[in-house]
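Enquirer: sequence and predicted structure below; questions after.
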There are 2 protein chains.
Amino acid sequence: MKLATLKNGHKDGRLVIVSSDLRHAVDAVHIAPTLLDAVERWHVTAPRLGALYEMLNAGAAAGAFDFDPSQAAAPLPRAPQWCDGSAFLNHGRLMEKAFNIPPIPDSDRIPLMYQGGSDDLLGAHDDIPLPDEADGIDFEGEFGVIVRDVPLGCPAAATRDRILLLVQINDVSLRAFGPREMRTGFGFFQAKPSSSFAPVAVTPDEIGGAWRDSRVQLDLDVQYNGQWFGNPNGREMNFGFDQLIAHAARTRRLSAGTIIGSGTVSNEGGAQGSACIAERRAIEQIAGGAPTTPFMRFGDRVRMEARLDGRPVFGVIDQRVVQSVPPQA
Amino acid sequence: MKLATLKNGHKDGRLVIVSSDLRHAVDAVHIAPTLLDAVERWHVTAPRLGALYEMLNAGAAAGAFDFDPSQAAAPLPRAPQWCDGSAFLNHGRLMEKAFNIPPIPDSDRIPLMYQGGSDDLLGAHDDIPLPDEADGIDFEGEFGVIVRDVPLGCPAAATRDRILLLVQINDVSLRAFGPREMRTGFGFFQAKPSSSFAPVAVTPDEIGGAWRDSRVQLDLDVQYNGQWFGNPNGREMNFGFDQLIAHAARTRRLSAGTIIGSGTVSNEGGAQGSACIAERRAIEQIAGGAPTTPFMRFGDRVRMEARLDGRPVFGVIDQRVVQSVPPQA
């Protein structure tokens, strides 16, 4: 099943079902007005949404229309929670090696995770408004999961049936703030403005055997200003989403609609390129003593897509960064 | 105006108006079903809520009933965002001095703030379920504000009319996780389970001259297991809420319903005691070479209240910590 949220002027948008080939959509508001409502009442809504999805794919859904991904908001534009892991240790190791950062103790045993803001998540084709090119504007290509309610203390082995949907993410990052915010110990805040999401969230069965070991084992194709930038695969996650969820739920319940992110997808060896500029700069630093790829300028574009059997799974993230409009005095 | 959210089985609860003396309440769902909806449409809802508040205080509101704070959820049980500052520098300086922590650079110039989870905020009399006494269970008494939409880049001077409501908070903290999570640079996560809120959110005019310089200049009375623990005043905030909001909005918009916290209230000199155990332990360490006050055990209670002219403003936080029930296999 594939689900999307269309913009309707309200922050939570309205729920639609999207056909398997991403070409058609049909309103699902009579089943659940929003995706958040659908995931909160999943045991009731999922069978009905699934039946409508079947009809849509068969060309038999009344009121079907062409799916326009530019009208899609993030699947959960205002999610209850956004917990972003850093589960590809290769990424952190490259950063440490390049910039002489001491390794984080136990990071091979305890997942790294920060709490992100989730009140204003962006759609796949939305411009990314940011105040200043000097902030070190970067993208991060990630996979993520949306869960139903998870009890406090839920062990990893019991998390798998809590995962309702898979998503694809651009975790927008401002590298100029990162080092200071890390040094304070309070973690990322200004360094992590609103993240963006591919237009469609999918149930794990939609990717068949590529959903394995609680990992999205697909290539994430990243193009930057029309050029190949990387195609790292999700299989090299050092912690599966099951382990990330258990980490997040160690001292708290997670409400339905919580999104858990993988962190930037990163593969060992370098042949798969990178899913963020910071990592490419680290590789350049290691190889040549200095980074050569600049961070993003206003007008720069990033495109991210994951395909299965040649067809996009989540749709496409394709966004520009633009200068934010200063507020009126 | 005073507002509260009563539990109704849905995560967002239902909106009520509470009388100035906190004794009576009246449903406001015909104006806005939830506080979140009310703050999103504040220009429409505030005049109507205000009129009903006047009637309630005059004893003329049809359907008024006794206000039972034990039935209150957090004013925004599922807030779009929770950004917690650490704006009383005295607190951080005591921690640094006691435990030989190097000072955080620029922390007198750039506010410290972490992103907290806000999907599952607790009511004033709810038990606090936690898994393990060994996690270093602590409370933190704070004040906070709820804002309407704030544009990206909003300067401090333009934030003041964005502040709709004041709140009183128990920022539950697990000290055993803090140092490691700070060292990773990713910031607090497991160290910050769900926070709790006093039952009533109030408009700034409710505290008259005690709302000054974007600070809640009230004593926060903290009792621990029935004993005085502290009564620090909010006036010593080194950054006002205007500056905290501007910091939060430096690289992002803030959605209506975002909560900004002051950090644990802390006064210089020591006579006002503390609003968290960690700070008292720091003072003990400095004075006697070792902390003597243990962290909380299951069954321990904390009570927090701010009074104006002898009357509680926000109602009372009065909670126990209890052992969480392990999830079923």
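Expert: Good, I have the coordinates. Small disclaimer: the values here were computed from a predicted structure and weren't measured.
Enquirer: closest to the centroid, which residue in chain A?
Expert: Taking C-alpha atoms, centre = their mean, the centroid of chain A lies closest to residue A:169, which sits 2.2 Å from it.
Enquirer: and for it, nearest residue in space, chain neighbours not counted?
Expert: Nearest non-adjacent residue to residue A:169, counting by C-beta to C-beta, 6 or more residues apart in numbering or on different chains: residue A:142, 4.2 Å away. Every C-beta, even on glycine, is put in place using the N, C-alpha and C of the backbone.
Enquirer: circling back to that earlier point, so what does the one helix or strand the residue nearest to the centre of chain A maps to touch, helix or strand wise?
Expert: Per DSSP states H and E: residue A:169 is located in strand A:163-170. Contact partners of strand A:163-170 among helices and strands, from 3 or more C-beta pairs under 8 Å, 6 or more residues apart in numbering or on different chains; DSSP states H and E: strand A:141-147, strand A:196-197, strand A:201-202, helix A:241-248, strand A:301-305, strand A:317-323.
Enquirer: for residue A:227, which of those is the nearest?
Expert: With C-beta to C-beta as the measure, strand A:301-305 is the member of these nearest residue A:227 (10.0 Å).
Enquirer: just checking, what packs against the closest one?
Expert: Where contact means 3+ C-beta pairs under 8 Å, 6+ apart, strand A:301-305 is packed against strand A:163-170, strand A:221-224, strand A:317-323.
Enquirer: so which of those strands is the most packed in?
Expert: Among the helices and strands packed on strand A:301-305, strand A:163-170 has the highest mean neighbour count (mean count of other C-beta atoms under 10 Å in any protein chain shown), at a mean of 26.
Enquirer: beyond it, next helix or strand please.
Expert: strand A:173-174.
Enquirer: helices or strands up against that following strand?
Expert: Using 3+ C-beta pairs under 8 Å, 6+ apart: strand A:173-174 touches strand A:137-138.
Enquirer: distance between the strand it packs on and the chain's centre?
Expert: 16 Å (C-alpha atoms, centre = their mean, to the nearest Å).
Enquirer: swap in stretch A:109-116?
Expert: Per C-alpha atoms, centre = their mean, the centroid offset for stretch A:109-116 relative to its chain is 15 Å.
Enquirer: try stretch A:24-31
Expert: 23 Å.
Enquirer: mind listing what's buried in that stretch?
Expert: Applying a neighbour-count criterion of 16 or more other C-beta atoms under 10 Å in any protein chain shown, one finds A:24, A:25, A:26, A:27, A:28, A:31 buried in stretch A:24-31.
Enquirer: gap between the two ends of it?
Expert: End-to-end distance for stretch A:24-31: 18 Å, by C-alpha to C-alpha, to the nearest Å.
Enquirer: likewise stretch A:267-282?
Expert: 14 Å.
Enquirer: now do it, average pLDDT.
Expert: The pLDDT scores in stretch A:267-282 average 97.
Enquirer: Three-state assignment for residue A:181, please.
Expert: Judged by DSSP: H, G, I helix; E, B strand; the rest coil, the three-state class of residue A:181 is helix.
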